[in-house]
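Student: Provided below are the primary sequence and the corresponding predicted coordinates.
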Amino acid sequence: MLKVGSGAQIPAFRVMDVIAAANRREAELPPGAPRMLRMEIGQPALGAPASSRAAVIAALQDDHPLGYTEALGLPDLRARIAAHIQDWYGQSVPTSRIAITTGGSGAFPLAFLAAFNPGDRVALAAPYYPPYVNILLALGIQPVVFQATMESRFQPTIAMLEKLDPLPDGLIVASPSNPAGTMLHPDELAALARWCHAHGVRLISDEIYHGLTWDSQGVTAAAFSPSAIVVNSFSKYFSMTGWRIGWLVLPEDLVRPVERLAQNLAICAPHVAQIAAAAAFDAHPELRARAAGYLDARNHLQAALRRAGFTRLSPAEGAFYIFADIADRGEPSPDFCARMLHEASIACTPGVDFDPERGNDFIRFSYCGPIEDVIEAGERLQSWR
């Protein structure tokens, strides 16, 4: 029998299975049945902004060759990201430290391979975005998962890290986070970043949901640590999920290692997506209006969930998720979500995708779809048990 590689054992990203189940259920709905409401995935309802679409059309009409770019990306796009960082955070980052990637998802393997060796230990708090752990496992890196609670807004603290023995080689944080939508406040991120740098722990800061923060503005770990790696993406605030374009802000010692990895693993991010991404920085008025719509949806959904009996909800300070405690419902989250799908035609994600230990007690709602769907979902949930 032929061997199967260890990477073949990587766990599923269960939300993708939920999408498939919702698609099947949607196809089975009889005429006149209530339509399926999709709250299982963090995909903005609207696509790339107008400026991005116009830039791509112009490139195609000009018979642009759309060939390989430099492995770290188009110089113009990297310069626009550097200007964006200065504008949003008041932080000066040289263009040379910015790497363009095939989405945020493509950034993580580059960061992990450059920063860690097989067998290294990388810590993160549960609940967490599942591909963090799954990619680490596929690369032979050991995830060290510790439990965060509603009381810490499901975010890690220095006290939690200091209980780990030995200290980890790395730490992954996300602010705003998926699935809880909670944030590390500026003083908290600063303290974690400085602690990691002082203790030789490589910090990886997932800032993919910046621009979608409701109670305070996001801050970047690059402002607090010269050794931190920052991951960002055009998928969420910029609404460009299918374009698969993201970026890394790298410490000096990892720029060339990431460039060599990118040369070999992907050559470069798609040229056409890089053109679209550069033009997206001209769309802030359009994108801020979309963000205001997500905030309105959050407020509607929070109120509706409480009326429907969901009394313990994550603070939902940013991103477009609410993590709801269903421990009092007496049903594991996969069964609860399956029943909601079939009885109420609402698709959402069971918490076991984000926390294998406690996930049966939680479900995640995404509210980045049309506001009409969010309002209707709230009404259905109030009459469904």
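Tutor: Received it, and whenever you're ready, just let me know what you need.
Student: Name the single longest helix found in this structure.
Tutor: Of all segments of type helix in the chain, defined using DSSP state H, the longest is helix 284-307.
Student: buried residues in that helix?
Tutor: For helix 284-307, burial by neighbour count (16 or more other Cβ atoms under 10 Å) applies to 284, 287, 290-291, 293-295, 297-298, 300-302, 304-305. Every residue, glycine included, has its C-beta placed from N, CA and C.
Student: mind putting the residues you listed in CSV, pLDDT and distance to residue 176 included?
Tutor: Below are the buried residues of helix 284-307 laid out as CSV (pLDDT from 0 to 100; distance: Cβ to Cβ, whole Å):
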residue, pLDDT, distance to residue 176
284, 98, 19
287, 98, 16
290, 97, 16
291, 97, 12
293, 96, 17
294, 97, 11
295, 97, 12
297, 96, 15
298, 97, 11
300, 96, 19
301, 96, 16
302, 96, 15
304, 96, 21
305, 96, 18
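Student: can you redo those as CSV with distance to residue 78?
Tutor: Listed next are the buried residues of helix 284-307 as CSV, based on distance: Cβ to Cβ, whole Å:
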residue, distance to residue 78
284, 19
287, 20
290, 25
291, 24
293, 30
294, 28
295, 30
297, 33
298, 33
300, 39
301, 37
302, 38
304, 43
305, 41
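Student: Phi first, then psi, for residue 227.
Tutor: Torsion angles at residue 227 (phi, psi; degrees, to the nearest 10) stand at phi -110, psi 0.
Student: what pLDDT does it get?
Tutor: pLDDT, residue 227: 98.
Student: show me the contacts for it.
Tutor: Neighbouring residues of residue 227 by Cβ atoms under 8 Å, 6 or more residues apart in numbering: 196-197, 202-203, 251, 253.
Student: which among those residues gets closest to residue 335?
Tutor: Among the contacts of residue 227, residue 203 lies closest to residue 335 (Cβ to Cβ), at 37.5 Å.
Student: what sits against that closest one?
Tutor: Contacts for residue 203 (Cβ under 8 Å, 6+ apart) come out as 170-171, 173, 192-193, 196-197, 221, 225, 227-229.
Student: Please repeat the previous calculation with a cut-off of 7 Å.
Tutor: By Cβ atoms under 7 Å, 6 or more residues apart in numbering, the contact set of residue 203 is 171, 173, 193, 196, 221, 225, 228.
Student: okay, those in TSV with secondary structure, neighbour count and distance to residue 258 next?
Tutor: As requested, these are exported to TSV (DSSP: H, G, I helix; E, B strand; the rest coil; neighbours: other Cβ atoms under 10 Å; distance: Cβ to Cβ, whole Å):
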residue	secondary structure	neighbour count	distance to residue 258
171	strand	25	19
173	strand	24	19
193	helix	26	20
196	helix	27	19
221	helix	26	17
225	coil	22	17
228	coil	25	14
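Student: thinking again about what came up before, would you mind identifying the next helix or strand past the longest helix of the chain?
Tutor: Next helix or strand after helix 284-307 toward the C-terminus (DSSP states H and E): strand 321-325.
Student: Work out the gap between that following strand and the centre of the chain.
Tutor: The chain centroid and the centroid of strand 321-325 are separated by 15 Å, computed with Cα atoms, centre = their mean, to the nearest Å.
Student: Equivalent analysis for stretch 146-161, please.
Tutor: Relative to the centre of its chain, stretch 146-161 is centred 19 Å away, using Cα atoms, centre = their mean.
Student: Of the contacts of residue 227, which belong to helices?
Tutor: Those of those lying in helices (DSSP H): 196-197, 253.
Student: Low-confidence regions, the protein specifically.
Tutor: Along the chain, the model assigns pLDDT under 70 to no residue.
Student: now the strands: where do they sit in it?
Tutor: Along the chain, counting by DSSP state E, strands occupy 37-38, 98-101, 121-126, 142-147, 170-174, 202-206, 229-233, 246-249, 321-325, 346-347, 349-350, 362-366.
Student: can I get these in JSON lines with distance to residue 109?
Tutor: Output for these, formatted as JSON lines (distance: least, Cβ to Cβ, whole Å):
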{"stretch": "strand 37-38", "distance to residue 109": "28"}
{"stretch": "strand 98-101", "distance to residue 109": "9"}
{"stretch": "strand 121-126", "distance to residue 109": "13"}
{"stretch": "strand 142-147", "distance to residue 109": "14"}
{"stretch": "strand 170-174", "distance to residue 109": "13"}
{"stretch": "strand 202-206", "distance to residue 109": "12"}
{"stretch": "strand 229-233", "distance to residue 109": "11"}
{"stretch": "strand 246-249", "distance to residue 109": "11"}
{"stretch": "strand 321-325", "distance to residue 109": "24"}
{"stretch": "strand 346-347", "distance to residue 109": "29"}
{"stretch": "strand 349-350", "distance to residue 109": "23"}
{"stretch": "strand 362-366", "distance to residue 109": "24"}
